[in-house]
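Chemist: Got a sequence here, can you build the structure:
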Amino acid sequence: MISMETDRRSFLKGGAGLAASLLVSHAGAHCADATDLSHIRFISSARLSDGSYGLVFVSGAGRISRTIPLAARGHDITVSSDGRLAVAFARRPGTFAVAFDPQAATPPTVFAAPEDRHFYGHGVLSPDGRLLYATENDFDAVRGVLGIYDVGASFRRIGEIDTHGVEPHDLLLLSDGRTLCVANGGIETHPSTGRAKLNLDTMAPSLVFLDRETGDLLARHALPASLHQLSIRHLAADATGTVWMGGQWEGGMDAAPALVGSAGRDRQLVLVPATDGIGPDLKGYIGSVAASADGRIVAASAPRAGRTLFVDASTGRLVGERRIADGCGVAPVGGSMIAVSSGLGELSLETPGQPPALAGRSPGVSFDNHLILAEVVAP
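Modeler: Sure thing, here's the model as predicted:
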């Protein structure tokens, strides 16, 4: 069940004023014309040329048009269904989140996790935009929770849902608007030891489905015992509602298994065959996962290997890849096109089997792990 709170921490004050506004729509929206690339924009956390951190709005050609300063390194961003609210989260074990309007240059709202929690870098908004669910660490009790925040009450934390696992990382709200899917990575950490991994011998990752309104556990999928060191990290849903996951292997690299798989609420987790090249060659690390706008292609980035893979969602077979140095952020553009951002400041628009449609670079900027699409409304 959902536990409720009556108290809250004081909120951090907002940062610097924002640059000129961009008119954007929901990050998950399809481009009206995927070939009209001059009108697409993306948002990502990034390290800027002066060494500071921020959220950047970047065009497909790599031109940054807006920056929102961050106090420290950011991770993922979630956007409301109407495109009027976005929330960016600190990288684990950070405790700050930044809410902003992608459509207007109004000051952001910065808020914090409770003193006995920290964020894991991901979250989702309810369909009506009234509630925010954030993956969090109840580190003293060694359990994962979803913190529930009231958007209309300045992001007051009003409750939490147990994720029935350790280290909930990524989080999806499925198309029914009620079912949440959580990637429990299974790795115990504590802020007193920074990012140290404390339980690699006893990891127990899982993929769980929860009812966001009642907190009830709907399904829980675990990996075989031989794969207990495959941390389930990032999620995407294809056109059929099947959930795709990308994992990170904490065992020996010579024994690295397939790192990409899929599951449903009533279907067990199945990994893509490692014979398709999704095994040891990926250096044990998937950095991000996204489904194309048409739901036919699932992209999985392997930045340590410099490879971005494209999987046919209907067959589960590898249908292409691109060699992109430190490529990690992946986002739908339109049709089967996928945008890929890198830690070298590069942005490439990819369709499996075709040359890149557009590639640009932002000198001095290092895009972080995740990328979202924002469709610019032309004047």
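Chemist: Please make it C-alpha for all contacts and neighbour counts, starting now.
Modeler: OK.
Chemist: any idea how far the residue sitting nearest the centre point of the chain is from L371?
Modeler: Centroid-nearest residue in the chain, with C-alpha atoms, centre = their mean: D76, separated by 4.9 Å. Here the distance between D76 and L371 works out to 7 Å (C-alpha to C-alpha, to the nearest Å).
Chemist: where in this protein is pLDDT low?
Modeler: Applying pLDDT under 70 to the chain flags the ranges 1-38, 276-277, 375-379.
Chemist: Longest strand in it, please.
Modeler: strand 366-375 (DSSP state E).
Chemist: by contact count, what packs against it?
Modeler: On a contact count with 3 or more C-alpha pairs under 8 Å, 6 or more residues apart in numbering; DSSP states H and E, strand 366-375 meets strand 40-47, strand 74-79, strand 327-334, strand 337-342.
Chemist: Return the most buried member of the ones you listed.
Modeler: Ranked by mean neighbour count, those are led by strand 327-334 with a mean of 29 (mean count of other C-alpha atoms under 10 Å).
Chemist: Partner strands of that one and their direction?
Modeler: Sheet pairing for strand 327-334, assigned by DSSP bridges, gives strand 337-342 (antiparallel).
Chemist: any idea how far the partner strand is from the chain center?
Modeler: Put simply, strand 337-342 sits 14 Å off its chain's centre (C-alpha atoms, centre = their mean, to the nearest Å).
Chemist: Likewise for stretch 171-186?
Modeler: With C-alpha atoms, centre = their mean, you get 12 Å for stretch 171-186.
Chemist: which other residues reach it?
Modeler: Contacts to stretch 171-186, defined as C-alpha atoms under 8 Å, 6 or more residues apart in numbering, come from residues 122-124, 126-127, 134-135, 144, 163, 165-170, 203-213, 231-237, 241.
Chemist: Also stretch 127-140?
Modeler: Here stretch 127-140 makes contact (C-alpha under 8 Å, 6+ apart) with 80-81, 85, 116-126, 143-152, 155, 166-171, 177, 189-191.
Chemist: D140 in helix, strand or coil?
Modeler: Following DSSP: H, G, I helix; E, B strand; the rest coil, we place D140 in the coil state.
Chemist: neighbours around it, how many?
Modeler: Residues near D140, counting by other C-alpha atoms under 10 Å, number 11.
Chemist: go on, V243?
Modeler: Applying other C-alpha under 10 Å, I find that V243 has 22 neighbouring residues.
Chemist: quick one: S81 is in a strand?
Modeler: No. The assignment for S81 (three-state DSSP) gives coil, which keeps it out of a strand.
Chemist: Show me the helices in the stretch 101-250 of the chain, by range?
Modeler: Using DSSP state H, counting those that start in this stretch, the stretch 101-250 of the chain contains no helices.
Chemist: follow-up on the earlier one: same list (the helices and strands packed on strand 366-375) but as a markdown table, adding distance to A357.
Modeler: Output for the helices and strands packed on strand 366-375, formatted as a markdown table (distance: least, C-alpha to C-alpha, whole Å):
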| stretch | distance to A357 |
| --- | --- |
| strand 40-47 | 13 |
| strand 74-79 | 25 |
| strand 327-334 | 11 |
| strand 337-342 | 9 |
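Chemist: Quick check: the residue nearest to the centre of the chain touching H370?
Modeler: Yes. If you go by C-alpha atoms under 8 Å, D76 and H370 touch, sitting 5.5 Å apart.
Chemist: And the strands in the stretch 251-379 of the chain, which stretches?
Modeler: Per DSSP state E, counting those that start in this stretch, the stretch 251-379 of the chain carries strands over the ranges 260-264, 267-271, 288-291, 297-302, 307-312, 318-323, 327-334, 337-342, 346-350, 358-361, 366-375.
Chemist: would you list those in JSON lines and tack on distance to A71?
Modeler: Formatted as JSON lines, the strands of the stretch 251-379 of the chain follow (distance: least, C-alpha to C-alpha, whole Å):
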{"stretch": "strand 260-264", "distance to A71": "33"}
{"stretch": "strand 267-271", "distance to A71": "38"}
{"stretch": "strand 288-291", "distance to A71": "23"}
{"stretch": "strand 297-302", "distance to A71": "27"}
{"stretch": "strand 307-312", "distance to A71": "30"}
{"stretch": "strand 318-323", "distance to A71": "32"}
{"stretch": "strand 327-334", "distance to A71": "21"}
{"stretch": "strand 337-342", "distance to A71": "21"}
{"stretch": "strand 346-350", "distance to A71": "23"}
{"stretch": "strand 358-361", "distance to A71": "24"}
{"stretch": "strand 366-375", "distance to A71": "15"}
